[in-house]
Every structure is written in structure tokens, then in C-alpha cells.
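S.K.: I'll drop the sequence and a predicted model, then ask my questions.
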Amino acid sequence: MSSAGNDSSFLDSEFRYQLFPAIYGIIFILGLFANSYVLFVLHSLRDARAMSEIRIYMTNLTIADLLFVCALPFWIGYYSRNGNWVFTDFMCRLTGSFFFINTYCSILFLTAISVNRYWAVTKPLDVASSDHRRRGIIVSAVIWVVIVAMAVPFLVSKGINEDKKVTRCFEGYHNQTDAEKKMVAVTHFAIIGLFSVVFVLVVVCNLLIALSLLSQTPPVSGTTTSRKSNRTQSSSSKKPVGVKRRALQLLIAVVGVFVLCFLPHHVVQGFWTLAVLQIREGWGHVDWDQKTLQALNDAHQITLLLMGLNCILDPVVYYFSTKRFRRFIMAHFKKLSKGDGCSHTVVTEMSMDSRNHSQRLQSGHKKPDMD
């Protein structure tokens with residue numbers, strides 16, 4: 001192994017001490033405002049009895065984003081002090097857990113949204129005739145239980161490490177034994193493997209959505225079909241340009257968040273793990289020169305920043321997810337621009353829409369909430 005690995009020195013990227021506080025500060029301000037407003041909108045939609053399965057996922061994803069936003073002031077302080085943690089070990093473990101929970105709750109809830117939209121496009125009548133709120137609640141509960149359970153090791157194990165009179169938070173793995181390092185490596189590679197499976201699922205779902213949308217054509221007048229066939233065709237082809245455009249925008253938004261925020265980190269993570277652990281012998285040992293190690297660490301720091309962007313990009317996904325969400329936001333901002341900050345009228349209008357929505361459901365002519 002190279003000398004850089006044998007001396008087990010801390011692999012650092014000093015540019016992050018200027019970059020992270022600035023970027024995290026922006027993310028904190030925008031993320032706090034955007035996600036708080038999203039909760040307000042979702043709460044108003046719930047009052048209007050329009051809380052569907054996808055909005056349940058959106059609510060939970062927003063809560064996960066706010067957890068990360070709440071942890072940002074501590075990480076801003078950490079990086080502004082050149083990577084010296086001045087808070088308690090518990091706060092290190094808690095804020096680190098929030099980062100983990102936000103990342104993987106975001107990934108799974110975005111996946112749930114993709115699957116939900118896939119069903120809405122490929123099985124519109126099933127989606128239209130069923131109330132899937134219970135499924136949304138169950139799926140959300142399972143996601144939280146699984147991710148929080150995965151975060152427990154971060155909560156119960158020591159988070160801070162001393163490195164040359166500097167207190168690191170979830171850094172300084174080079175001081176651990178080879179056995180401990182290999183356990184860390186196994187954990188990281190297992191997470192990378194699970195992400196790969198989820199990412200493939202998201203890509204496949206959204207690819208099938210795109211193919212389904214692009215293959216749909218408006219109904220041809222004069223064609224004799226059964227009532228069921230007409231209703232099926234109408235569900236998928238009514239207002240095709242607007243529906244397809246917004247559905248494709250949602251597709252691009254979801255895949256874009258994955259590719260920009262999560263994919264780079266998981267591509268780099270495996271190589272970075274081996275570089276920063278500096279395992280001396282056996283499985284996980286690498287013989288990379290200092291330039292390669294430094295490049296991997298620098299790239300890893302950038303991917304951490306990209307992951308943080310998800311909490312301000314998720315509201316973009318929400319905007320394209322449902323028609324009611326878009327209408328509420330546009331109506332509310334229109335009233336704000338006129339000096340009317342009260343959303344009572346908007347909520348009332350949404351309540352009327354909800355009652356009409358229920359009447360359509362009872363009559364058997366409900367259209368899936370894709371536009």
C-alpha cells in the first residue's frame with residue numbers, strides 16, 4: 001500500500017470548510033421555507049378531504065426533508081470550524097442519523113411516488129375506482145420503520161472521534177481496527193446494493209410510464225366500442241397533450257432528483273469507503289496513490305452537497321404530482337399578489353372540488369388524478 005495509506009492519516013478536503021457552510025446555509029433557508037409551505041398546502045388539502053395516497057407520500061417525504069433541514073445548523077457550525085465538532089456526542093449521532101434518514105426516506109418515498117404514478121397511467125380505472133389511502137399509510141409506516149431501524153446503529157454507537165486534537169463527527173475511520181473498518185465497508189456496500197435495486201425500479205417504472213404515455217392516442221370518432229372500452233380510452237386519452245406533458249414533467253423531475261442528488265453519491269461511495277478506511281490487509285485493502293485517494297475524497301464531498309439539494313428539489317416533484325396541488329399553489333400565490341394572505345377562499349374552493357370529486361366517484365366516472 002502507498003505511504004498515504006500506511007500512515008493512516010486523516011484524508012481531508014479543505015475546500016469544504018468554505019463551501020459547505022455557504023451551500024448548507026442556502027439549503028437551510030430555502031428548504032425550511034419550501035417544505036414548511038408544502039406542509040401548509042398538504043394540510044389544507046387534507047382539510048378539503050382530498051388526501052390521496054400520493055399526498056400521503058408527499059407529506060412523509062416533506063417531514064423527512066424537514067428533519068435534515070433542522071440538522072443543518074449543526075453541520076454548518078461543524079464545517080465553519082474546520083471540521084471540529086463542539087457539540088455533544090449525542091447531537092453528533094442524532095444529526096448524523098437525520099442525514100441518513102432523510103436520504104433513504106427520500107429515496108423510498110420518491111420510489112413509492114413513481115410506482116403510484118405507474119399504476120395511475122397503466123391502470124387508470126383501478127386507481128379511479130379505489131381508495132388507496134390505507135395502502136399509502138401502510139407503505140409509509142413500513143418505510144419509516146425500516147429506515148429508522150437502519151439508523152439505530154448510528155444512534156447507539158459513538159459518533160465522535162479525536163484526530164490530532166480535533167473532534168470529528170462520523171469521520172476519522174482510519175483510527176479504527178481492520179475488523180471494525182471491514183464491518184463499516186460491508187455496511188456501506190450493502191446500502192449501495194439496495195440503492196441500486198431501488199434505482200433500477202425507479203428507472204423501469206418511469207420508462208414504462210413514458211412508453212405508455214407516448215403510445216396513447218385520442219379516441220377515433222365513429223369507432224364502435226363497448227361502454228367499458230370507451231371509458232378506458234377516455235380515462236387515458238382525454239386532454240392528451242396537457243396530461244402527457246405534466247406526467248412527463250413529473251417523470252423528468254423524479255428521475256432528475258435521483259440522478260442529480262443520489263446517484264453520484266452511491267457511485268462514488270464504494271470507492272471512497274475503501275479509500276478513507278485504509279484497510280491494511282485482506283479484503284478491502286487497496287493500493288492507491290495519494291492523488292487518487294484525494295480525488296475520491298474530493299468527489300465524495302461534492303456528492304454530499306448534491307444529496308442535500310434533494311430537500312429543496314422535492315417540492316418541484318410535488319408540483320408536478322397532482323392537479324390539486326398545482327391549483328392550490330397557483331391560486332394561493334395569486335391571492336398573495338393581490339394582498340390577500342388568507343387561504344380560506346382557496347381551501348373552500350378545494351373543498352368544493354373535493355365534493356365534486358366524490359360525486360364523480362359515486363357515479364363511476366372518476367378520472368385519475370394525473371392532471
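M.R.: Cool, the structure landed.
S.K.: quick one: the helices in the stretch 51-200 of the chain, in order.
M.R.: Along the stretch 51-200 of the chain, counting by DSSP state H, counting those that start in this stretch, helices occupy 53-80, 89-122, 124-129, 133-156, 178-215.
S.K.: the fourth one: how far from the chain's middle?
M.R.: Using CA atoms, centre = their mean, to the nearest Å, the distance from the centre of helix 133-156 to the centre of the chain it belongs to is 14 Å.
S.K.: which residues are in contact with that helix?
M.R.: 51-54, 56-57, 60, 93-94, 96-97, 100-101, 104-105, 108-109, 112, 170, 187 (CB atoms under 8 Å, 6 or more residues apart in numbering). Every C-beta, even on glycine, is put in place using the N, C-alpha and C of the backbone.
S.K.: buried stuff in that helix?
M.R.: The neighbour-count check on helix 133-156 (16 or more other CB atoms under 10 Å) flags 136, 139-140, 143-144, 147, 150-151, 154 as buried.
S.K.: need the residues you listed in JSON lines with pLDDT, can you?
M.R.: Shown next, in JSON lines, are those (pLDDT from 0 to 100):
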{"residue": "G136", "pLDDT": "91"}
{"residue": "V139", "pLDDT": "95"}
{"residue": "S140", "pLDDT": "96"}
{"residue": "I143", "pLDDT": "97"}
{"residue": "W144", "pLDDT": "98"}
{"residue": "I147", "pLDDT": "96"}
{"residue": "M150", "pLDDT": "94"}
{"residue": "A151", "pLDDT": "94"}
{"residue": "F154", "pLDDT": "88"}
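S.K.: so can I have JSON lines of the residues you listed showing distance to I191?
M.R.: Shown next, in JSON lines, are those (distance: CB to CB, whole Å):
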{"residue": "G136", "distance to I191": "25"}
{"residue": "V139", "distance to I191": "20"}
{"residue": "S140", "distance to I191": "21"}
{"residue": "I143", "distance to I191": "15"}
{"residue": "W144", "distance to I191": "17"}
{"residue": "I147", "distance to I191": "11"}
{"residue": "M150", "distance to I191": "8"}
{"residue": "A151", "distance to I191": "11"}
{"residue": "F154", "distance to I191": "12"}
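S.K.: out of the residues you listed, flag the one nearest to K335.
M.R.: Proximity of the buried residues of helix 133-156 to K335 (CB to CB) peaks at G136, which lies at 29.5 Å.
S.K.: so which residue is dead centre in this protein?
M.R.: The centre of the chain sits closest to S106, judged by CA atoms, centre = their mean, with a distance of 2.7 Å.
S.K.: what sits closest to that one if chain neighbours are left out?
M.R.: N310 (5.2 Å; CB to CB, 6 or more residues apart in numbering).
S.K.: is the one you found in contact with P264, as I believe?
M.R.: No: N310 is not in contact with P264 according to CB atoms under 8 Å; the separation is 11.9 Å.
S.K.: those two - which one has more neighbours?
M.R.: More neighbours surround N310 than the other of N310 and P264, with 25 against 18 (other CB atoms under 10 Å).
S.K.: show the pLDDT at that one.
M.R.: In the predicted model, N310 carries a pLDDT score of 94.
S.K.: surely Q301 touches D12?
M.R.: No: if you go by CB under 8 Å, Q301 and D12 don't touch, sitting 9.4 Å apart.
S.K.: where does the prediction get shaky in the stretch 51-200 of the chain?
M.R.: Scanning the stretch 51-200 of the chain for pLDDT under 70 picks out 51, 124-131, 173-176.
S.K.: what about 50?
M.R.: The stretch 51-200 of the chain contains no residues with pLDDT under 50.
S.K.: how long is stretch 161-177 from one end to the other?
M.R.: End-to-end span of stretch 161-177 (CA to CA, to the nearest Å): 13 Å.
S.K.: just stretch 118-136 next, same as before
M.R.: Span of stretch 118-136 from end to end, CA to CA: 15 Å.
S.K.: any idea which of the buried residues of helix 133-156 is closest to W85?
M.R.: Using CB to CB, F154 comes nearest to W85 of those, at 14.5 Å.
S.K.: how far away is that closest one from H285?
M.R.: Per CB to CB, to the nearest Å, F154 is found 26 Å from H285.
S.K.: about what we covered before: show me which of the contacts of helix 133-156 are buried.
M.R.: Buried, going by 16+ other CB under 10 Å: 51-54, 56-57, 60, 93-94, 96-97, 100-101, 104-105, 108-109, 112, 170, out of these.
S.K.: tell me the strands in the stretch 151-300 of the chain, going along the chain?
M.R.: Ranges of strands within the stretch 151-300 of the chain are 160-163, 166-169, based on DSSP state E, counting those that start in this stretch.
S.K.: contact partners for the residue nearest to S106?
M.R.: Counting by CB under 8 Å, 6+ apart, N310 touches 65, 102-103, 106, 257, 261-262.
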